[in-house]
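Asker: just coords:
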């Protein structure tokens, strides 16, 4: 079943109202919305996983993220699911699993979510005791968004990751 623009609008409106709902109410509303899609629909699994995750039920989100990804979730939601699953795994005490997912994701595609992937990889690296690499990743990602000194910051970030001078 193709998701309609109207369904997407209602889903976006529910997320926009996230702060106005208590956790149980938000999950219930997302479950109702997800139930409108056929059983096993990848987007339903992703949105429900996201709702659990956003309301501090990461353990319940993980299998739904995996289901959505394993069943072929595509587009921007696929990349969001990778980031969100990796972040949740890190938060649940599995930073290496999260880092592995994000490292693989960095090699798959490039789009407007690249710096999101990098930022969450930096968080995983911090949890793994790889703070220099985390700082280098974060600074490198930041260098793309500065009004000036972009090249300088990118070079300094690379030097943080590899502090041994060449030569």
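Answerer: Structure's in. What do you need? On a predicted model such as this, the values are computed, not experimentally measured, just so you know.
Asker: counting contacts, what elements does the worst-scoring helix or strand of the chain on mean pLDDT pack onto?
Answerer: Ranked by mean pLDDT, DSSP states H and E, the weakest helix or strand in the chain is helix 150-161, scoring a mean of 89. If you count contacts as 3 or more Cβ pairs under 8 Å, 6 or more residues apart in numbering; DSSP states H and E, helix 150-161 packs onto helix 131-143. Backbone N, C-alpha and C define where each C-beta goes, glycine included.
Asker: and the helix it packs on, what's its mean pLDDT?
Answerer: Confidence for helix 131-143, expressed as mean pLDDT, is 94.
Asker: may I see the buried residues of it?
Answerer: 133-143 (16 or more other Cβ atoms under 10 Å).
Asker: and that helix, how far from the chain's centre?
Answerer: Relative to its chain's centre, helix 131-143 lies at 17 Å (Cα atoms, centre = their mean, to the nearest Å).
Asker: any idea of the angle that helix forms with helix 150-161?
Answerer: When axes from the mean of the first three to the mean of the last three Cα atoms, to 10 degrees is applied, the directions of helix 131-143 and helix 150-161 differ by 170 degrees.
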